[in-house]
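Engineer: With the input below, show me the fold.
(chains A and B)
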Amino acid sequence: KAGVTQTPRYLIKTRGQQVTLSCSPISGHRSVSWYQQTPGQGLQFLFEYFSETQRNKGNFPGRFSGRQFSNSRSEMNVSTLELGDSALYLCASSIWRVGGDEKLFFGSGTQLSVL
Amino acid sequence: ELKVEQNPLFLSMQEGKNYTIYCNYSTTSDRLYWYRQDPGKSLESLFVLLSNGAVKQEGRLMASLDTKARLSTLHITAAVHDLSATYFCAGDSFGNEKLTFGTGTRLTIIP
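Structural biologist: You can find the predicted model right below:
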């Protein structure tokens, strides 16, 4: 069974540019969430989608947005990139995310560097 | 708002020894998770704990949850080098599908 797939693996952008990251969840998983990991702030929640609807959003500026498609694949977009956006962006998927002790499975991440 | 604290932040221990990583959280959390991360890699799910007194074990790792004390522990038994990694705990609540992570514990096992 394939795991969570994130593309691209590495990305280098310059300030002011825009970037789109992609995440394909495990087959059958309908919940996709995104996290940002930096040495200074650690792991922080960005947003979570279930059946194409955003159910929860973290404390990030509006430059960070996302969406989920009918096949559960998700994209996140960051506009007007800033140096501080350099981070590892992790996507995670699960079946329901409502109650229970189901695990959340993470992808390998996209390492974004903003120059 | 849920806050999660881990200690210690860094832990260096010899092979064969036992040790415990502690995870305290500030408010009610319905679920407590433990993850492992190797350098440059993603997060590997280890345990999900739901109820008070829950204990789960996998190999040399055992996790427990005390909801009254708002404390979870990850106990390492007879450590081996392969367990060197950063370990994170995280909590969330039903209906709020947002994990709040601790700062992580960087564990180094010395042969």
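
Engineer: Enumerate the residues of chain A near chain B.
Structural biologist: Within chain A, the residues that sit near chain B (CB under 8 Å from any CB of the partner chain) are A:31, A:33, A:35, A:42-45, A:48, A:50, A:55-56, A:58, A:90, A:92, A:97-109. C-beta here means a position set from N, CA and C on the backbone, and glycine is covered the same way.

Engineer: where in the chain is pLDDT low?
Structural biologist: Since no chain was named, I'll use chain A. Where chain A drops to pLDDT under 70, the residues are A:1, A:97-99.

Engineer: As a quick check, tell me the outermost residue of it.
Structural biologist: Among residues of chain A, the one most distant from the C-alpha centroid is residue A:100; the distance is 22.6 Å, by CA atoms, centre = their mean.

Engineer: helix, strand or coil for it?
Structural biologist: With DSSP: H, G, I helix; E, B strand; the rest coil as the basis, residue A:100 sits in coil.

Engineer: Give me the longest strand you can find in chain B.
Structural biologist: strand B:85-93 (DSSP state E).

Engineer: average model confidence for that strand?
Structural biologist: Mean pLDDT, computed over strand B:85-93, is 93.

Engineer: hang on, the earlier thing: what's the distance between the residue lying closest to the residue farthest from the centre of chain A once chain neighbours are set aside and residue B:29?
Structural biologist: Excluding its sequence neighbours, the residue lying closest to residue A:100 (CB to CB, 6 or more residues apart in numbering or on different chains) is residue B:50, at 7.8 Å. To residue B:29, residue B:50 is 10 Å away according to CB to CB, to the nearest Å.

Engineer: All set now, cheers.
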